[in-house]
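# Fold the following for me, if possible:
(one chain, ligands or ions: 3)
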Amino acid sequence: MSFTQEMKAFAAQAGADLVGVAPVARYAGAPELFHPQRLLPQTKCVVCIAIRHLHGVLVPQNDRVELYPYQMFGYGWLSNIRLNMVAFEVARFLEDRGYLSCPYPSFHQGDNARLSLRHTAVVAGLATLGWNNLAITPKYGTKQRFVAVLTSAELEPDPMIEDDPCDRCMACANACPVGAIPRDEEIAYEIAGHPVRVAKLDKKKCNDCHLGKGGWFENQYPPFVTFTVAGHCGRCLINCPKGTYAPA
Ligand code: B12
Ligand code: SF4
Ligand code: SF4
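Ligands and ions are numbered 1, 2, ... in the order given. As a prediction, this is how the structure comes out:
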């Protein structure tokens with residue numbers, strides 16, 4: 001087993017559902033502020049880790065019946081805390097073997113993170129970007145969250161995905177309650193030489209649609225946002241039909 005395979009097996013045992021490796025050269029087109037070497041100049045590779053959503057917690061969220069299962073187990077607490085714990089363990093695994101490693105959190109408070117995890121999933125060969133702006137993996141579709149570990153280790157890179165599974169069905173745009181995903185306005189650019197076309201997302205509209213503010217739920221919660229209960233409706237994620245993993 002190669003060192004990279006060993007690291008991936010360790011990550012899987014720690015709770016990762018997907019693990020991919022991006023050589024730092026694939027961030028050549030990233031704005032300087034979002035480049036991994038700004039955070040850790042010694043970065044040679046970025047390990048991207050995903051944990052899938054439980055499909056069961058998406059149901060009451062989508063039906064607007066109860067927000068807590070998704071907010072806890074899909075968003076602010078379990079997913080993000082657990083992802084960060086897996087990243088921490090993977091970073092420890094790498095540092096124990098002599099490689100400087102910095103986990104980059106799954107959760108970020110405020111407007112902009114300084115490492116885009118969607119882009120990291122793409123350059124690490126795990127995903128492509130869908131019209132809804134989310135990273136789509138062949139197995140879980142949009143239904144996972146990501147975390148990353150920057151490392152000085154030279155790991156075996158994963159090939160980037162060539163096929164674009166997004167067929168512009170617009171299920172995401174149709175599901176968005178605030179019209180944040182336009183049907184005809186796009187942003188086109190390249191990620192490591194791979195063309196990308198995504199909707200010109202209105203982040204402000206999405207951000208202003210915090211659950212609890214809209215009063216969409218049968219059970220009302222006060223309009224507060226904390227580390228453990230913070231959320232957006234996620235209907236663009238829940239209603240994208242891509243992915244082969246489908247518990248019924
Ligand atoms: C802040 C944030 C938001 C804000 C955005 C605010 C804002 N002003 O940007 C809002 C509230 C809108 C939001 C909403 C949602 N979010 Co959010 N969000 C984030 C967070 C924490 C940071 C994103 C960010 O600010 N990136 C920096 C900005 C500027 O980057 P960008 O727009 O992606 O990149 C641009 C450039 O900077 C540049 N670029 C940046 N990096 C790179 C790299 C390369 C190689 C290249 C070429 C270019 C490039 O190119 C882009 C185009 O110009 C990320 C976690 C993370 N660290 O990535 C999660 C994240 C993107 N969110 C996620 C999710 C799931 C959601 C929601 C579904 C809510 C929910 N229920 O969870 C919605 C979906 C909205 C949508 N359709 O996209 C997931 C996505 C998972 C997935 N499957 O893709 C992430 C990755 C969190 C995670 N840990 O998994 N989010
Ligand atoms: S719902 Fe349809 S248009 Fe939207 S990202 Fe998924 S496949 Fe693409
Ligand atoms: S999270 Fe909700 S409000 Fe934001 S873009 Fe997706 S569907 Fe629209």
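
# Which positions in the protein make contact with ligand 3?
175, 176, 178, 180, 181, 206, 209, 232, 233, 234, 235, 236 (Cβ under 6 Å from any ligand atom). No exception for glycine: its C-beta is placed from N, CA and C like everyone else's.

# try 5 Å this time
176, 178, 180, 206, 209, 232, 233, 235, 236 (Cβ under 5 Å from any ligand atom).

# what's near enough to touch the nearest residue to the first one once chain neighbours are set aside?
Counting by Cβ to Cβ, 6 or more residues apart in numbering, residue 176 lies nearest to residue 236, which is 5.6 Å off, once chain neighbours are set aside. Under the criterion of Cβ atoms under 8 Å, 6 or more residues apart in numbering, the contact list for residue 236 reads 132, 133, 134, 142, 172, 173, 175, 176, 181.

# For this structure, which helix or strand comes out least confident on mean pLDDT?
Least confident helix or strand of the chain, by mean pLDDT, DSSP states H and E, is helix 68-70 with a mean of 83.

# on that earlier part again, so which of the contacts of residue 236 reach ligand 1?
132, 133, 134, 142.

# For residue 47, give me phi and psi.
Note on residue 47: backbone dihedrals following degrees, to the nearest 10 are phi -90, psi 130.

# State the pLDDT value of it.
In this prediction, residue 47 carries a pLDDT score of 99.

# Confirm for me that it is in contact with residue 155.
Yes. Counting by Cβ atoms under 8 Å, residue 47 does reach residue 155; the two are 7.1 Å apart.

# Mutual contacts of the two, please.
By Cβ under 8 Å, 6+ apart, the residues touching both residue 47 and residue 155 are 7, 21.

# If you count surrounding residues, which of these two has more?
Neighbour totals were compared for residue 47 and residue 155, and residue 47 leads with 30 against 21 (other Cβ atoms under 10 Å).

# Would you quantify the distance from the residue lying closest to the more buried one once chain neighbours are set aside to ligand 1?
Using Cβ to Cβ, 6+ apart and skipping residues adjacent in sequence, the residue nearest residue 47 is residue 149, 4.3 Å away. Between residue 149 and ligand 1 the computed distance is 13 Å (Cβ to the nearest ligand atom, to the nearest Å).
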